[in-house]
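Engineer: Pasting the sequence and the predicted coordinates here, then a few questions.
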Amino acid sequence: MHEKTDIDPALKEGFQRCGCQLVERLLPRIVLIPEEEDSIASLIKFADEKRLRICPTGTGSSFPANYEPPEDLIFILTTRMNQLLELKLLDAIAVMEPGILAAELAKRLEGTDLDLPTCIAEYPGTMGGALLGPDPKNERHAHVRRRLLSLQLVDPKGRVLYFGSNAIKNVAGYDYWSFLIGTGSRFGVVTRLTLNLEKMPPLDAIPHVESQCESERNAGQWIVANLCKGLDPDGIFVR
């Protein structure tokens, strides 16, 4: 059990200047709620200046009660960035902020011909969490991977980066952004994502033997390690 303690006034003032609300009741764990993308960019630059590390999350429900974060770690909750920004019924495309709950998106799609797979619709957290959070069975990630058209994120330097395209015909070749799926916001804070929600044939179940699974895990670890070197060499984002 943590006792509530005061926070350094200079830090508190800096967070406020960035446009982030400090959740006082969770002190000494520093939990911030940004209002918008610009707030996140300002916060990342401020954290880099103060040598603080950042852990972005949706509702924060994926952490166990006994989780002990490092003292220099601050959490970002994206719960206020929860809007369905655009819904193109004819194009079967939905553009959203990461903090929208998966259940809320499913509700907004009721009565349309758009298809949100059950494993995503029943995810208990946000759509950002559905994209970036753990998925031991790889079922949710498999569906997200083939439906993700584009995303934008704020990188460790506070820059807004754009990946992919909202036009399905333009999404071809090496889909670099798909490597971000399941990485737990290790490379930045996702601020917008676009999904293709047309009806698709079911995913085929592909049997894996244990040696194949181990090989895939090793390859994934190698990819993540090299992405870390290129995208976040100073280790601003942690999980």
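Structural biologist: Received it, and whenever you're ready, just let me know what you need.
Engineer: Domain-wise, how is the chain divided?
Structural biologist: Domain segmentation of the chain under automatic domain parsing yields 9-77, 84-196.
Engineer: Can you get me a residue count around the nearest residue to D6 once chain neighbours are set aside?
Structural biologist: Spatial nearest neighbour of D6, excluding adjacent residues (Cβ to Cβ, 6 or more residues apart in numbering): L27 at 7.6 Å. For glycine as for every other residue, the C-beta is placed from the backbone atoms N, C-alpha and C. L27 has 15 neighbouring residues, counting by other Cβ atoms under 10 Å.
Engineer: Am I right that L27 is in contact with K12?
Structural biologist: No. Using Cβ atoms under 8 Å, L27 is not in contact with K12, being 10.2 Å away.
Engineer: which one of the domains of the chain is the most hemmed in?
Structural biologist: Among the domains of the chain, domain 84-196 has the highest mean neighbour count (mean count of other Cβ atoms under 10 Å), at a mean of 18.
Engineer: how long is that one from one end to the other?
Structural biologist: This stretch, domain 84-196, spans 14 Å end to end (Cα to Cα, to the nearest Å).
Engineer: quick one: contacts for Y123?
Structural biologist: A102, A103, G129, A130, R140 (Cβ atoms under 8 Å, 6 or more residues apart in numbering).
Engineer: what's the answer for V160, then?
Structural biologist: Counting by Cβ under 8 Å, 6+ apart, V160 touches E37, A41, Q152, L153, V154, T191.
Engineer: quick one: secondary structure of L87?
Structural biologist: Look at L87: counting by DSSP: H, G, I helix; E, B strand; the rest coil, its state is strand.
Engineer: so it touches G111, yeah?
Structural biologist: No. Taking contacts as Cβ under 8 Å, L87 lies outside contact range of G111: 11.8 Å.
Engineer: Go ahead and confirm R146 touches M200.
Structural biologist: Yes. Counting by Cβ under 8 Å, R146 does reach M200; the two are 7.2 Å apart.
Engineer: that older thread, of all the domains of the chain, which one is nearest V238?
Structural biologist: V238 lies closest to domain 9-77 among the domains of the chain, at 5.0 Å (Cβ to Cβ).
Engineer: Next, the distance between the ends of that closest one.
Structural biologist: Domain 9-77: ends 21 Å apart by Cα to Cα.
Engineer: Rounded mean pLDDT for that domain, please.
Structural biologist: Across domain 9-77, pLDDT averages out at 88.
Engineer: what sits opposite M96 in the beta ladder?
Structural biologist: L84, L193 (DSSP bridges).
Engineer: Please enumerate the helices of the chain.
Structural biologist: 9-17, 37-49, 102-108, 118-121, 127-132, 139-147, 210-231 (DSSP state H).
Engineer: Many thanks, have a good one.
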